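Student: Structure here, sequence nowhere to be found:
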């Protein structure tokens, strides 16, 4: 800590030289998975680039913001992945904030190297908008917790080694106070995973049925009953990392676009509707919404860096919901009868219909637009909360369903 | 009651002959006021046509629906007013439902003949959407009630002889249970009337300041503490009578329209924008909303007549709010820069701007769109009410402002 | 034509409701989705026996002669249950085209079978691009001696694969004419189209020198099709109004029982107010569809305007109701297993089936003189 | 040009905020509304002393040379306080027109006075019909020996009656040119227009053989005006963003203190969710206005597109915020005494002042290649 940090330019030279020597541009598609992913991540971790801001104990260099940014810039310049885990690794940040030393030592190295895979066990059929209403139960049994319940909307469940689990450990206190947070081992007999078929006829998510699954006592984060606090922190990490990951068209179809031209303009031209003022007004508006959302996000991030509030960061998801739904409507209106079809032979229709359905991923997933408006109204604008009738009631007595 | 009713055709002949003999078409503009109004109404009342469905005691003929309708049809045929009071006279219907015999005898004849004028004393600055939260106070003093408080949005206050008043008579019970309903004499020293200047720069309404005004004990309707029940009934009468009384443009400007053509089409043509598909789509849509609202209302009335439910009757005001606001937007968009102006020299702009402001008369007045959606959600769709935190609390302890 | 009395209509509707509750459950609809058949012949038979296929057909041809008002009401129920049977294609549009053709021979040959449901027919209206204005027909007819042969292709044919009789509009030297085709004829192929609404049976039909029997007057073929489209639009509006009403009902029911934050979600204004706005749309759709039916039945001068109005109002009301229903349900409606997306798919299909909402809005304004 | 540092900008904004709180209260705005003057000369003097009128003027002409970025920020505050002073007309648009004219003589004569605020100028851009595209100019210029005389009329002139100097674009035989006119000149009349926004000072100016001094090159007059419109649009966007933000703040404050049903109305989702939707619009308007300012200051190739985007986004955000504010306040905002309608009137005026939202949306799409 008291060591002198190298100056910024020195850092840049060092990381650039290291990348030149070690990074193979052919690996750039392997950020999520691939044969060289773990080997590369291990190299990055060992060299101290994975999370430069962290202490040496966790493979960091105790860098400040400015030096950290230089590392990210150099990695980005050559399209290398693996740095910035101090800003983007949800799992480790949650562990660092709440786990015992033992659990940290046990999991962090593997997580950094991509050897350990994770999933989220938050939502339940009965607890969607109201996450504090989960009914999955964890009961202490000696040195272990025994877990029973059902989770949904879990992606990556089949590959995961651990799931971050929110479960109820006390039914006699109000709902927010009876929750605990665990790293639940996923490779055990009590875990049954069933793919969930989505409205789009895909299966990116799973239902997870948990029957007498066991977690070591050491896998409890913070204290029993503190689960809501851990969850809120983890959700905030997640939101600040994720940005907008809305999926575009899935057909792979590319309309012919002029340099820099928007796809909607190209589609309208293709449909012979680019001279229709009704269509023109709508295309202009939806492109504008998109550009404005980008500007808002950039402004929020800039504000964050100078240390002031970033209230508008939270508006992006709500704005994106409107953009996606309107884009889908517009694409449909450009197609007329063609939109009756689907499948790879009808790529424009496939895209319009897929987007119309998948827009709900943004307007429902991760908190519905309605919940999002509550959050914005209360946290950003400072409007008063609604009376919460179940807030002070023992959870046992709360009506669910 | 046991008398045989004349057959429908006889009724028609009788009323037609009577109108031919007595009605002067020159009076038809005097339904609200005018030099011949009272004299004509007196004739109608004396002849038993004012409220044919009522008992003879109240100048009626104990007619059934079918005969009553014939009377209305014949009056409408020659544009005569004054019949149908059994269906449209809010004041008398309220008296008939809740007043003592003495009060009825005292007021009904004059009300029927248009000699007695009335106004409504419901809304208060602190009780708009939440009418049960009124703070105007009535205290018993011997044979009288002493009233203190402030009412707002009262039209016709300066002409009125009586106001239908909702006031609080008990502060120690929950809000709905401490209200009472009065016919308050308006021509007395304790009543001060100030015109209210509206957003449209007109003054159709007043504020009424009530200071130690007095109402005879006999002017209490129903019992002390039953005011909410009386009010709900009176409001239901009002809504079912009023239909949609939205005001149109006020400039008197008439654009050149083809036979049966919609004014928006004529305005768009005049503005050279009738070929703009964006404008065309919007004009078609807003005309459609208007036609559909008419159809819905007609369907609701038809349902009423065959005795089934008329849930869609209550949708009209909400629908009209959207129609009026969108019409104003559309008129503005047709005008461009011209809409910067106002006044009689700029009739199209005057109309667009007036409508843009006056649309709030419908979307706020008589219950905001938001309150209206609550009512539709709960009473028409049967959705559960919100938790009402002030429902069981003594009104004294309810937070206002 | 003898309109049904209110009582007769109610009796018919009650019977149909019971039939649908038994033979057109969500589970059954899903099984027809999987095999892309759209319906079950036994259901069709039951519907026929109930007289539903005969409503539009005149009494002298074995029908009920009940007219479009009854058809619209029945279609409300069909839409409510996501029925995929060829009521629209066969009992409404094919019947209407034949009636308008004025061809007595074809009528006495085909209408009785259509009325009894023993024959299922469908219309070949548009080129494969999808156009219901008659500007571009996909099929041409050529005289070969006393006979005709047809060549070309038609897209978006409802129930093409299951129909016993195809009725096509084709260009001749003297203008469009109607033709009757046997699906098994020489040169005729039927290709299933992958419809986004899996309950909708759509085909592309290709003809190569396919023999066909001419119906009505040569040159007036499009007028017959236009009549079919007119009645079809009213029937479709009924389906949309019924579908919109049903998905709103489903959503309101769910909002009453689903609890979050210790309260039914329908007690939250966000949900309640969406529902309130939707019922305005749904009631308007019902008004629009029924008005279009009445005006059409009356042969009123302004009937076209009322049909256009129904064309977009009912379509948009259904799409919005179904789309908002998914949102109001939340995550559960993002699953394939939930019924909401079936309504959403059907509503999106219905919005384009005989022309788009934007098209009908434009036509409406034209009809108003704008 | 030297952009102001963040700190300098903050200092300026703080000072302006204090000035507005003192000299541009709602009460004062209402008094200027009544006499239709729009502002108070003592306020204008104080603004000038603060350097607000000099922001755009180059240092060599006595200005701050701070550029459009600073102007946009200052306009946010002006919009917030419903300021009716001729900042836009004189310190932004007239300055910009002169700068673009390339006329050194006119610049050194007029810019120092405009910078110091001692001279108030305004532009005569459009014919009385209102058209900011340059297609139809309302004034024609004619040579009389070495001099020029102007005839015709211009509408929607900002602060015409209070300006010391009118700068008109007029048609000549060689194309449009700029002219300087003294308001007291022969044949010049100024007629107050009844503006719907009573804080907006709009005039119609008629010229008959009015002597005028030509500025810049004959033929390039419209380019100068276009530059003025470009910067004016950015400034106006700032005013709209600031106005939108303020009326939302006022509404949120009210929603926190106004109780109905025993609760602050802001705790009801109907109100809370309207406010949440509005802050998306308001933050977008701020982003749009600032981005347009930066891109314009940079002289970026895509600056026109960003200005058009700001042109409609800020206008619509302001109108929607003000319109929803009335609704969220309920009855009290239906009174003349409440401030909400002043914002609604201003927002409706701003939405048309230099072109409509629909026009800018169309231009935006064109700029994107569509």
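Tutor: Yep, that arrived. The shown structure was predicted, so the numbers you read here are calculated from the model rather than taken from an experiment.
Student: Distance of the one residue in the stretch 151-300 of chain A that gets nearest to chain C relative to chain B?
Tutor: With C-beta to the nearest C-beta, the shortest gap between the stretch 151-300 of chain A and chain C falls at residue A:197, namely 3.8 Å. All C-beta atoms are positioned from the backbone trio N, CA, C, and that covers glycine. Computed as C-beta to the nearest C-beta, to the nearest Å, the residue A:197 to chain B distance reads 30 Å.
Student: Ramachandran angles for that residue?
Tutor: phi -90, psi 120 (degrees, to the nearest 10).
Student: mind listing what the nearest residue to it once chain neighbours are set aside touches?
Tutor: Once flanking residues are discounted, residue A:197 sits nearest to residue C:336: 3.8 Å by C-beta to C-beta, 6 or more residues apart in numbering or on different chains. By C-beta atoms under 8 Å, 6 or more residues apart in numbering or on different chains, the contact set of residue C:336 is A:197, A:198, A:199, A:201.
Student: Tell me the spacing between the closest residue to the last one other than its chain neighbours and residue D:90.
Tutor: Among residues not flanking residue A:201 along the chain, residue C:336 sits closest, at 6.4 Å (C-beta to C-beta, 6+ apart). For residue C:336, the distance to residue D:90 equals 64 Å [C-beta to C-beta, to the nearest Å].
Student: does residue A:120 sit in a helix, a strand or a coil?
Tutor: With DSSP: H, G, I helix; E, B strand; the rest coil as the basis, the three-state label of residue A:120 is strand.
Student: How many neighbouring residues does the spatially closest residue to it that is not a sequence neighbour have?
Tutor: Once flanking residues are discounted, residue A:120 sits nearest to residue A:164: 5.5 Å by C-beta to C-beta, 6+ apart. Residues lying near residue A:164 (other C-beta atoms under 10 Å in any protein chain shown) number 23.
Student: What is the subsequent helix or strand relative to the strand or helix carrying residue A:164?
Tutor: Using DSSP states H and E, the element containing residue A:164 is strand A:162-168. Next along the chain after strand A:162-168, taking DSSP H and E as the criterion, comes strand A:179-185.
Student: what's the angle from whatever helix or strand comes next after that next one to strand A:179-185?
Tutor: Next along the chain after strand A:179-185, taking DSSP H and E as the criterion, comes strand A:191-196. With axes from the mean of the first three to the mean of the last three C-alpha atoms, to 10 degrees as the basis, strand A:191-196 and strand A:179-185 are set at 90 degrees to each other.
Student: How far off centre is the helix or strand just after strand A:191-196?
Tutor: As assigned by DSSP H and E, the chain's next helix or strand after strand A:191-196 is strand A:205-216. For strand A:205-216, the separation from the chain centroid amounts to 21 Å (computed by C-alpha atoms, centre = their mean, to the nearest Å).
Student: Then stretch C:211-227?
Tutor: From the chain centre to the centre of stretch C:211-227 is a distance of 21 Å (C-alpha atoms, centre = their mean).
Student: Not counting its own residues, what contacts that stretch?
Tutor: With C-beta under 8 Å, 6+ apart as the test, stretch C:211-227 has contacts from C:96-103, C:106, C:123, C:125, C:134, C:141, C:147-150, C:167-170, C:172, C:174-181, C:185-186.
Student: what's the residue lying closest to residue A:169 once chain neighbours are set aside in contact with, if anything?
Tutor: Closest residue to residue A:169 apart from its sequence neighbours, by C-beta to C-beta, 6+ apart: residue A:180 at 4.4 Å. Neighbouring residues of residue A:180 by C-beta under 8 Å, 6+ apart: A:138, A:145, A:166, A:167, A:168, A:169, A:220, A:223, A:224, A:225, A:226, A:227.
Student: and if we set it to 7 Å?
Tutor: A:138, A:167, A:169, A:220, A:224, A:225, A:227 (C-beta atoms under 7 Å, 6 or more residues apart in numbering or on different chains).
Student: And residue A:277, by the same measure?
Tutor: Residue A:277 neighbours (C-beta under 7 Å, 6+ apart): B:276, B:277, B:278.
Student: Quick one: mark the members of the residues you listed that sit in helices.
Tutor: The members of the contacts of residue A:277 that map onto helices under DSSP state H are B:277, B:278.
Student: Low-confidence stretches in the chain?
Tutor: You didn't pick a chain, so chain A it is. A:1-3, A:239-247, A:252-254, A:304-313, A:401 (pLDDT under 70).
Student: my question was about chain C
Tutor: Scanning chain C for pLDDT under 70 picks out C:1.
Student: Show me which residues of it sit near chain A.
Tutor: Within reach of chain A by C-beta under 7 Å from any C-beta of the partner chain, chain C has these residues: C:130, C:156, C:193-196, C:202, C:257-263, C:270, C:326-327, C:330-331, C:334-337, C:341, C:348-349, C:352, C:356, C:358.
Student: which parts of stretch A:212-222 are buried?
Tutor: Of the residues in stretch A:212-222, A:213, A:214, A:215, A:216, A:219, A:220, A:221, A:222 count as buried by neighbour count, 16 or more other C-beta atoms under 10 Å in any protein chain shown.
Student: Compile these into JSON lines and extend it with columns for distance to chain B.
Tutor: Below are these laid out as JSON lines (distance: C-beta to the nearest C-beta, whole Å):
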{"residue": "A:213", "distance to chain B": "37"}
{"residue": "A:214", "distance to chain B": "40"}
{"residue": "A:215", "distance to chain B": "37"}
{"residue": "A:216", "distance to chain B": "42"}
{"residue": "A:219", "distance to chain B": "39"}
{"residue": "A:220", "distance to chain B": "35"}
{"residue": "A:221", "distance to chain B": "34"}
{"residue": "A:222", "distance to chain B": "32"}
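Student: Any chance of TSV for those, columns distance to residue D:301?
Tutor: Formatted as TSV, the buried residues of stretch A:212-222 follow (distance: C-beta to C-beta, whole Å):
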residue	distance to residue D:301
A:213	59
A:214	63
A:215	58
A:216	61
A:219	56
A:220	58
A:221	52
A:222	54
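Student: Helix, strand or coil: sort out the residue in the stretch 1-150 of chain C positioned nearest to chain D for me.
Tutor: Across the stretch 1-150 of chain C, no residue is closer to chain D than residue C:129, which sits at 23.6 Å (C-beta to the nearest C-beta). Of the three states, residue C:129 takes coil under three-state DSSP.
Student: Repeat that for residue C:198.
Tutor: Assigned by three-state DSSP, the conformation of residue C:198 is coil.
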